[in-house]
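# pasted the sequence and its predicted model underneath.
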Amino acid sequence: MSDLPRRDPRAEWIRRNRMHPQHAQYAAAQGPVRGPSGLLRKNPHAVGFMGPNGIKRIDRSAGAYGGAGGSAAGTHARSAGAEPTALPLHRIEHPDFYVTVVPDLTAGRLSDHDRDLFGLAHRLVEAAGGRGAVVAVALGELRDAPFDTAGADRLIHLPEVHGHALSGYCPELKLAALQAVETQLQPRYWLFPDSIHGGADLGSRLSARLGERPAAHAWQVNAETATCRGGSGRTDWHRPTPRVLLLAEECALPVDETRHEASPIELEAIPESAPVIEDLGQVEVDPAQIALDEAEFILSAGNGVRDWDQFHAVAGALGASEGASRVAVDDGHMPRTRQVGATGTYVSARVYVAVGISGAIQHLQGITRCDKVVCINLDDNCDMINRADLSIIGDSQGVLAELLQIAQARREQSATAKEDRDVA
């Protein structure tokens with residue numbers, strides 16, 4: 001038999017056809033491709049992944065997104081339950097200095113913005129030379145915060161200070177905790193996310209307490225110069241890098257090639273603080289009035305939705321903000337302000353439920369920053385199924401009807417329990 005490499009036209013056709021039932025199997029099994037001359041060829045469309053702003057990124061870690069370049073085959077292997085590659089452990093025994101990161105930890109979770117700060121912290125450590133350690137200061141409760149893979153060499157976790165919980169809005173208590181870190185560790189840099197979730201406010205308060213002039217909305221930072229955006233993003237300001245940095249999103253690539261110790265540090269003493277601001281808890285807000293880019297729970301509709309009154313009722317019962325695909329918006333079922341995707345709004349919800357959405361590339365780009373994606377669709381081979389963390393294969397109208405019944409039953413149970421407590 002000849003040793004010449006032979007092509008398999010059927011396998012090539014299946015790999016090109018993403019709708020074929022065996023597409024994922026053949027794509028995962030694809031090895032090096034040789035051209036007619038015997039030279040190895042590289043598929044440029046299979047290299048990289050879409051970043052938070054829709055910009056294509058290339059992952060050279062050969063593991064974080066499934067193989068070199070983050071191909072779709074590696075993504076399928078990861079979703080099919082393949083064990084993640086063990087990352088090398090980075091140890092810092094006796095640090096010469098510290099760089100402190102104070103993440104937002106919205107709802108106790110590390111966001112993409114928080115992870116970008118750890119990437120920049122390690123860049124500053126490398127530029128300074130010596131053996132520096134990155135310290136994460138976690139204020140409040142933690143739910144899903146893997147600090148080891150995020151890049152934290154040390155961890156200071158303070159769920160409360162002097163008997164007061166740090167989960168709500170308590171800037172005075174949090175500032176007292178940061179003062180204790182400043183006194184004990186004397187960090188070379190303080191890194192805060194410049195966001196509405198508390199990072200910008202807390203970083204500004206610490207800067208005033210330390211007598212430092214912070215760099216606000218910094219997006220390019222090195223050991224000498226910090227570039228900050230101003231004028232609604234139309235102007236760049238250059239200034240020497242200060243100790244306190246309020247950083248924009250994508251200020252650096254996150255840590256993805258190493259695993260860190262995240263060994264705990266105990267603070268020796270936290271100064272007493274008499275809080276003047278009292279947090280009365282969260283105020284219930286109409287989900288329809290929340291902007292899509294700020295919503296944490298989105299129920300999004302596509303071409304597969306037929307009963308729109310039912311869809312609106314389910315969104316109201318679940319307390320979800322409404323979104324839509326471009327097809328649903330073009331057909332007049334939803335306003336343009338509710339369109340999700342590259343031609344609409346990029347969303348970063350913790351839970352995104354796609355109802356009857358097949359998953360066009362523009363729509364998938366708009367939900368890259370979502371934490372958990374749930375798909376309800378009849379087509380078990382659509383692209384949204386491959387993207388989703390949980391998929392329900394079935395008629396959307398029937399599934400929404402069941403969701404509505406469950407939500408209404410739980411609401412009635414909560415109302416009954418509240419009445420019983422009031423009577424007691």
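That came through fine.
# got a list of what L206 touches?
175, 178-179, 182, 190, 192, 244 (Cβ atoms under 8 Å, 6 or more residues apart in numbering). Any C-beta I mention is one placed from the backbone N, CA and C, and that applies to glycine too.
# any chance of the residues you listed in CSV, plus secondary structure, distance to G168 and pLDDT?
Shown next, in CSV, are the contacts of L206 (DSSP: H, G, I helix; E, B strand; the rest coil; distance: Cβ to Cβ, whole Å; pLDDT from 0 to 100):
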residue, secondary structure, distance to G168, pLDDT
L175, helix, 14, 94
L178, helix, 17, 95
Q179, helix, 20, 94
E182, helix, 23, 96
W190, strand, 22, 97
F192, strand, 18, 97
V244, strand, 24, 96
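# could you single out the nearest of those residues to C251?
F192 (11.2 Å; Cβ to Cβ).
# let me know whether the closest one touches A248 as I believe.
No - using Cβ atoms under 8 Å, F192 is not in contact with A248, being 11.1 Å away.
# those two: which is more packed in?
For the pair F192 and A248, the greater number of neighbours falls to F192 (28 against 20), based on other Cβ atoms under 10 Å.
# what's the closest non-adjacent residue to the more buried one?
G203 (3.3 Å; Cβ to Cβ, 6 or more residues apart in numbering).
# the one you found: helix or strand, and which one exactly?
Using DSSP states H and E, G203 maps to helix 199-210.
# after that helix comes which helix or strand?
Next helix or strand after helix 199-210 toward the C-terminus (DSSP H and E): strand 215-221.
# helices of this protein, start to end?
9-16, 23-29, 72-79, 112-128, 147-150, 171-185, 199-210, 308-318, 326-330, 361-366, 383-387, 396-423 (DSSP state H).
# lowest-confidence stretch among those helices?
Across the helices of the chain, helix 72-79 has the smallest mean pLDDT, namely a mean of 41.
# ok, back up a step: ok, and the most crowded of the contacts of L206?
Result: F192 is most packed of the contacts of L206 (other Cβ under 10 Å), 28 neighbours.
# who's in contact with that residue?
102, 117, 199-200, 202-203, 206, 244-247.
# switch the cut-off to 7 Å
Contacts here follow Cβ atoms under 7 Å, 6 or more residues apart in numbering; on that basis F192 touches 102, 199-200, 202-203, 245-247.
# again, but for Y352
Residues in contact with Y352 (Cβ under 7 Å, 6+ apart) are 298, 300, 367, 370, 373.
# may I have the helix holding G203 as PDB, with CA atoms only?
C-alpha atoms of helix 199-210 as PDB (Å, rounded to 0.1, in the frame of the first residue of the first chain):
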ATOM      1  CA  GLY A 199     -13.400  49.900  43.200                       C
ATOM      2  CA  ALA A 200     -13.300  53.500  42.000                       C
ATOM      3  CA  ASP A 201     -14.800  54.900  45.200                       C
ATOM      4  CA  LEU A 202     -12.600  52.800  47.600                       C
ATOM      5  CA  GLY A 203      -9.400  53.600  45.600                       C
ATOM      6  CA  SER A 204     -10.200  57.300  45.700                       C
ATOM      7  CA  ARG A 205     -10.800  57.200  49.400                       C
ATOM      8  CA  LEU A 206      -7.500  55.400  50.000                       C
ATOM      9  CA  SER A 207      -5.600  57.900  47.800                       C
ATOM     10  CA  ALA A 208      -7.000  60.800  49.900                       C
ATOM     11  CA  ARG A 209      -6.000  59.000  53.100                       C
ATOM     12  CA  LEU A 210      -2.500  58.300  51.800                       C
END
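# burial count for D96?
13.
# that should have said E126, apologies.
Neighbours of E126 (other Cβ under 10 Å): 11.
# same check on C375?
26.
# likewise the one 4 residues further on?
For D379, the count of nearby residues is 15 (other Cβ under 10 Å).
# now S396
23.
# do the same with S325
Neighbours around S325, by other Cβ under 10 Å: 32.
# which residues touch the residue nearest to it when sequence neighbours are not counted?
Once flanking residues are discounted, S325 sits nearest to G302: 4.1 Å by Cβ to Cβ, 6+ apart. G302 is in contact with 325, 327-328, 354-358, counting by Cβ under 7 Å, 6+ apart.
# do that again at 8 Å, thanks
324-325, 327-328, 354-358.
# next, work out how far apart L105 and S204 are.
18 Å (Cβ to Cβ, to the nearest Å).
# which one of these two has more residues nearby?
Under the criterion of other Cβ under 10 Å, the comparison of L105 against S204 puts L105 first, with 25 against 17.
# for that one, give me its contacts.
114, 138-140, 142, 145.
# likewise I277?
Neighbour list for I277: 169-172 [criterion: Cβ under 8 Å, 6+ apart].
# mind redoing it with 10 Å?
Taking Cβ atoms under 10 Å, 6 or more residues apart in numbering, we find I277 in contact with 168-173.
# these: which two are farthest apart?
Maximum distance among the contacts of I277 (Cβ to Cβ): 12.0 Å, for G168 and E172.
# what's around the nearest residue to A223 once chain neighbours are set aside, how many residues?
Nearest residue to A223, sequence neighbours excluded (Cβ to Cβ, 6+ apart): A127, at 4.0 Å. Using other Cβ under 10 Å, A127 is surrounded by 13 other residues.
# with R205 instead?
15.
# swap in G199?
Using other Cβ under 10 Å: G199 sits among 23 other residues.
# what residues are up against it?
By Cβ under 10 Å, 6+ apart, the residues touching G199 are 102-106, 113-114, 117, 191-193, 246-247.
# circling back: between the contacts of L206, which is closest to R387?
F192 (31.6 Å).
# bridging residues for that closest one?
L246 (DSSP bridges).
# contacting residues for V374?
Contacts of V374 (Cβ under 10 Å, 6+ apart): 299, 351-355, 384, 388-392.
# 8 Å - rerun?
351-354, 388-392.
# could you dump those into TSV with pLDDT added?
Listed next are those as TSV, based on pLDDT from 0 to 100:
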residue	pLDDT
V351	93
Y352	95
V353	96
A354	95
A388	92
D389	91
L390	92
S391	93
I392	93
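# just the ones in strands from those residues, please.
351-354, 390-392 (DSSP state E).
# show me which of those are buried.
351-354, 391-392 (16 or more other Cβ atoms under 10 Å).
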